[in-house]
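Novice: Need a 3D model of the sequence below.
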Amino acid sequence: MSKNRMGVLAHALSPELSRRSFLRGTLGAAVAAATMPLAACGGGSGNAGGDEAVLRFGTSNPGANVDTQLTSNTIGISENVCDTLVTLDPNTQEVLPLLLTQLPEVSEDGLTYSFELKEGVKFHDGTVLTANDVKYTFERLFKLKSQTDSYTYIVGAQDIIDDKATELAGLTVTDDTHFTITLTQVYSSFVRMLCQFYASIYPAAACEAAGDNWGIGTNFIGTGPFKIESNDDSTECVLVAFDDYHEGRPALDRIEITYIDDAGSRVMSFQNDDIDLCFVDTSLLEQYKDDEAVSSALVYYTPAATQFLNLNLNGPEFQDIKVREALSLAINRQELCDTILSGAALPCTGFIPPSESGSDPNGTVLEYNVDRAKELLVEAGSPTISFTSKVRPQDENVMVAIQAVWKEIGVDCKVETMDPQQWRDDRAAGNLVCTLVTWSTLSFVGVEHMGSYFTSDKASLRSSFYNNPEFDAYVQAARSAMDEAEVTENTIKADNLLVRTDFGTIPVDWPQNPYVLREGFSGLEVLVDFHFKHVTKA
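Specialist: Predicted structure coming up:
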């Protein structure tokens, strides 16, 4: 099947976008994941004529270890080395058992989940997965106090986070393949949250033995389709097929991951046949539109992500709702997507992207009306609005475009770029007045995508400080509902309250992430990052 016959995103696209084929991808999480069509070529060994089947992947250096309990910036290594208990079907977003024999059974009160592991699943060191490894994994997650948001409804989780306990009371091991998890309340997204790579299952013995070196170099193993052969943490990482993978040996023999930080250099490496796969920065699309070698290999997928303007509501600049609404009305989102973002984005109709659960099917693109924006500022008392927007380098071009349209309504916004790590630190400290954020989800659950940033307890940690008890209540109602229609209803109410009533944030676009893949490879699955277990090479 050719790339131009892949499913087109079922959403109102601009004329330019409608001529493109979009693979529907994750993070996150939510948006349907993309799968390259599986070619009728190659055998189970992945060898062609006796040669190794190798895929060369160019990507930026994550600058961190690959332990997903500590970081989400793993550039696809962790997802291919480790498995989660359940996974998302890359075409339908249906939750499927992965390390389990079947999806967990749920008690009538919706609080207790009963799990059965597959028998004989091996880690890369040859040890066999047991329920004790699952228990260890979640206890370690809470002790690290890092990526815990999705799992704190497990009984006893908060006690570990608060250093009041070392064992997870809500996870009971019956035997090597059976265990239960009990929640403090009904949580409609719980099983789907177990698909996130934060919940990758680790081998207790190997992880303990590695200590602080877990996730560094080759000190990282799982039950996944590939294992780490070499990793110098600075220039390259090599993955090789795991012969004893519980779903069958993958077709690829090796994945050679080369760290290339510069976006332009990555594309040049693809042109020079030094790599077979890389993401393409949207700023380069115009440059390469007439380059047949690049343009013919381009594939787009939709991550579960939203790019939005994060306004610090604690400061004086954005106290008045009329000012915030005026800032939103001044932005022509469709034009921005078609020009600055080179067509690789969709204009927002709300916060939650159209393919995530809980998105509003009747939503229209957020209004563009410069005259009304000016009227609102007059109604607000014609305040003098001047502030500095500090952004990371990758967001500068979009922020400068927004700066220009705000100037048209009399708002003075200065733009400064800053080091990404300093940006993260300043955002966590509440020091950013206005910035651009692209927030993704790994679960494709709209209420989790939105709630993980804007509930009052989370917004206070991210230079937002949005605080509306009604919004929090809608999010909680969606999380605790057993009925899917009720989940959707409360999610839409929360989204509309945040974006169209309070203007607590200003969504701009839903990114469409392009990548290039060399001809001859097929079966690539895209969630947040690339999944290689079904890839074949002709």
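
Novice: what's the burial count for F197?
Specialist: By other Cβ atoms under 10 Å, 22 other residues sit near F197. Every residue, glycine included, has its C-beta placed from N, CA and C.

Novice: Could I get the contacting residues of it?
Specialist: Counting by Cβ atoms under 8 Å, 6 or more residues apart in numbering, F197 touches 68, 72, 74, 78-79, 82, 84, 442, 528.

Novice: again with Q185
Specialist: Per Cβ under 8 Å, 6+ apart, neighbours of Q185: 111, 153, 480.

Novice: tell me which of those is nearest to E325?
Specialist: Among the contacts of Q185, S480 lies closest to E325 (Cβ to Cβ), at 31.1 Å.

Novice: From S188, how far off is that closest one?
Specialist: Per Cβ to Cβ, to the nearest Å, S480 is found 7 Å from S188.

Novice: thinking again about what came up before, highest neighbour count among the contacts of Q185?
Specialist: Using other Cβ under 10 Å as the neighbour criterion, Y153 leads the contacts of Q185 with 21 neighbours.

Novice: Hmm, it is touching F190, no?
Specialist: Yes: if you go by Cβ atoms under 8 Å, Y153 and F190 touch, sitting 6.8 Å apart.

Novice: Identify the contacts common to those two.
Specialist: With Cβ under 8 Å, 6+ apart, Y153 and F190 have common neighbours L183.

Novice: Okay, now the unreliable bits of this protein?
Specialist: Applying pLDDT under 70 to the chain flags the ranges 1-50, 73-74.

Novice: Can you give me the domain boundaries for it?
Specialist: Using automatic domain parsing, the domain parsing of the chain gives 79-211, 305-511.

Novice: Now do the strands in the stretch 401-538 of the chain.
Specialist: 412-417, 434-440, 506-511, 513-517, 521-522, 525-526, 530-531, 536-537 (DSSP state E, counting those that start in this stretch).

Novice: any idea which helix or strand carries L376?
Specialist: Assigned by DSSP states H and E, L376 belongs to helix 370-379.

Novice: for that helix, packing partners?
Specialist: On a contact count with 3 or more Cβ pairs under 8 Å, 6 or more residues apart in numbering; DSSP states H and E, helix 370-379 meets helix 321-329.

Novice: And the contacts of the helix it packs on?
Specialist: Contacts for helix 321-329 (Cβ under 8 Å, 6+ apart): 309, 311, 317-318, 366-370, 372-374, 376-377, 379-380, 383, 385, 406, 409, 411, 502-504, 506.

Novice: Give me the ChimeraX select line for those residues, limited to the buried ones.
Specialist: Provided next is the ChimeraX selection string for whichever of the contacts of helix 321-329 are buried by 16 or more other Cβ atoms under 10 Å:
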select :309,311,317,318,366,368,373,374,376,377,380,383,385,406,409,411,502,503,504,506
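
Novice: Let me know the distance separating the residue of the chain most remote from its centre from P316.
Specialist: What lies farthest from the middle of the chain is G381; by Cα atoms, centre = their mean that is 40.5 Å. Computed as Cβ to Cβ, the G381 to P316 distance reads 13 Å.

Novice: The residue lying closest to S200 once chain neighbours are set aside: how many residues sit nearby?
Specialist: Nearest-residue entry for S200: C82, 3.7 Å, with adjacent residues in sequence omitted and distances by Cβ to Cβ, 6 or more residues apart in numbering. C82: 26 surrounding residues under other Cβ under 10 Å.

Novice: repeat for T180
Specialist: 17.

Novice: ok, now R324?
Specialist: For R324, using other Cβ under 10 Å, the count is 22.

Novice: Also P469?
Specialist: There are 8 residues near P469, going by other Cβ under 10 Å.

Novice: do the same with E408
Specialist: E408, neighbours per other Cβ under 10 Å, totals 11.

Novice: rewinding a little: after the helix holding L376, next one along is what?
Specialist: strand 386-391.

Novice: Run through the residues that contact the nearest residue to Y136 once chain neighbours are set aside.
Specialist: Sequence neighbours aside, A204 is the residue nearest to Y136 in space, at 3.7 Å (criterion: Cβ to Cβ, 6+ apart). Listed by Cβ under 8 Å, 6+ apart, the contact partners of A204 are 132-133, 136-137.

Novice: burial count for L85?
Specialist: Neighbours of L85 using other Cβ under 10 Å come to 21.

Novice: if I read this right, it contacts L194, doesn't it?
Specialist: Yes: contact status for L85 versus L194: in contact at 5.1 Å, counting by Cβ under 8 Å.

Novice: Which secondary structure state does the residue lying closest to T218 once chain neighbours are set aside sit in?
Specialist: In space, and not counting its chain neighbours, T218 is closest to I228: 4.9 Å by Cβ to Cβ, 6+ apart. Following DSSP: H, G, I helix; E, B strand; the rest coil, the label given to I228 is strand.

Novice: Give the bridge partners for I228, please.
Specialist: Counting by DSSP bridges, I228 is bridged to L239.

Novice: And for D509?
Specialist: Q307, P347.

Novice: which residues touch the residue nearest to S200?
Specialist: Listed by Cβ under 8 Å, 6+ apart, the contact partners of C82 are 68, 197, 200-202, 222-224.

Novice: do E208 as well
Specialist: E208 neighbours (Cβ under 8 Å, 6+ apart): Y136.

Novice: Assign it to helix, strand or coil.
Specialist: Strictly by three-state DSSP, E208 counts as helix.

Novice: what about it, distance to K135?
Specialist: According to Cβ to Cβ, E208 and K135 sit 13 Å apart.

Novice: L442 contacts L527, doesn't it?
Specialist: Yes: in this structure, L442 is within contact of L527 by Cβ under 8 Å, at 7.5 Å.

Novice: excluding its backbone neighbours, what's nearest T84?
Specialist: Per Cβ to Cβ, 6+ apart, closest to T84 is A199, 5.1 Å.

Novice: burial measure for that neighbour, as a count.
Specialist: For A199, the count of nearby residues is 23 (other Cβ under 10 Å).

Novice: again with E525
Specialist: Using other Cβ under 10 Å, E525 has 25 other residues around it.

Novice: and if you look at S283?
Specialist: 17.

Novice: Okay, and the residue lying closest to it once chain neighbours are set aside sits in which element?
Specialist: Among residues not flanking S283 along the chain, N397 sits closest, at 6.4 Å (Cβ to Cβ, 6+ apart). Using DSSP H and E, N397 maps to helix 396-408.

Novice: which residues are contacting that helix?
Specialist: Contacts of helix 396-408 (Cβ under 8 Å, 6+ apart): 283, 307, 309, 327, 330-332, 336, 339-341, 370, 389, 391, 412-415, 417, 435-436, 508.

Novice: one step back: ok, the residue nearest to Y136 to K407 distance?
Specialist: 58 Å.

Novice: swap in Q512?
Specialist: Using Cβ to Cβ, Q512 is found at 28 Å from K407.

Novice: who's more crowded, the two?
Specialist: Neighbour totals were compared for Q512 and K407, and Q512 leads with 27 against 12 (other Cβ under 10 Å).

Novice: Does the more buried one touch D338 like I think?
Specialist: No: in this structure, Q512 is not within contact of D338 by Cβ under 8 Å, at 11.9 Å.
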